[in-house]
Structure formats: C-alpha cells, structure tokens
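1. return a 3D structure for these sequence lines:
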Amino acid sequence: MYRLPYASLSAALLLVSGLTALPAQSDEATPASSAPVRTAPRLDNTAVNRVDRSDATTTPMDQSNDQASLKISADIRKAVVADDSLSMMAHNIKIVTEKSTVTLRGPVKTMEEKARIEALASQYAAGATVRNELTVAGK
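-> Now for the predicted structure:
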C-alpha cells in the first residue's frame, strides 16, 4: 500500500478545498436587481459606550470575584440564556454582581423582555438588590 506523506496530503486537501471554495465566474453581465438595498447596522457603538467610561456606571470590570457573587451572576446568566422567549439581544445583556447588588445593563427588544429578565434576576439573586438598567432598543 502506498502512503502519501502528511505534507502532501495536507497540500492536496488545501488545493481541493481552495478550488471548491472559489465562486463561479461568468462572462455574462448580471442583471440589476430590483430588490431594495438594505444598509448594515452601525458596528461602531462608541457613542453608546461612552456611558461606560464614567466611574458611576457599573461595568463588567466591577464584577466581584467572591464565590457568592460569581454564582449569582452565573445562575442569572444561565436562566436568561435558557429562556427561549428572549431575543439574542436580551441574551447578551451585562449581568454584574457586586457585594449585594446585581446590575442588569444593555439593550433589549421590548418592555416585556426587560421585565422578564428582572424577574429572573430577582429569582436567582439570593436576597441581593436588583438594579434594572436595561434599555429598550429604539426608545
């Protein structure tokens, strides 16, 4: 049985995968589409994040490293992510537990999501105060 050296096999796989990944090209002109052009959302949210520069604002850097605080944040995060009724935006909120205060920050899609996340946080906060600083996107 003939064995290819590993380097040759790798080169062959790269060549094949590179060839199949190339888009098909045509000499024919593509007709203009009548579909509306959508603009991509702004990826630069520097203006939104300016509020995080204030010392008065709770940021993830304020998360306490004691076991109780970490457990509270982790339990709330698990509950939020497990809730399929919440949007991806809601799943990505900031949850910061410092001493006996849980701070929820970030955008959500609706007032219902804001209320649902606060309810989950209160349920898993183990007696800590919950500060709901969530904002409804577009409002």
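2. how about the helices of this protein, start to end?
-> In the chain, the segments counted as helices under DSSP state H are 6-21, 46-49, 67-82, 88-91, 111-124.
3. can you give me the buried ones in the fourth one?
-> Applying a neighbour-count criterion of 16 or more other C-beta atoms under 10 Å, one finds A90, H91 buried in helix 88-91. C-beta: built from backbone N, CA, C; applies to glycine.
4. which residues touch it?
-> Applying C-beta atoms under 8 Å, 6 or more residues apart in numbering, the external contacts of helix 88-91 come out as V80, V81, G106, P107, V108, K109, E113, R116, I117, A137.
5. report how many residues lie close to Y124.
-> Y124: 21 surrounding residues under other C-beta atoms under 10 Å.
6. ok, now which ones touch it?
-> Y124 sits in contact with I72, D75, I76, A79, where contact means C-beta under 8 Å, 6+ apart.
7. closest to A128 out of those residues?
-> Checking the contacts of Y124 against A128 by C-beta to C-beta gives I72 as the nearest, at 6.2 Å.
8. which residue comes closest to that closest one once chain neighbours are left out?
-> Nearest residue to I72, sequence neighbours excluded (C-beta to C-beta, 6 or more residues apart in numbering): T97, at 4.6 Å.
9. look up how far V136 lies from that neighbour.
-> Going from T97 to V136 by C-beta to C-beta, to the nearest Å gives 23 Å.
10. this completes my enquiry, with thanks.
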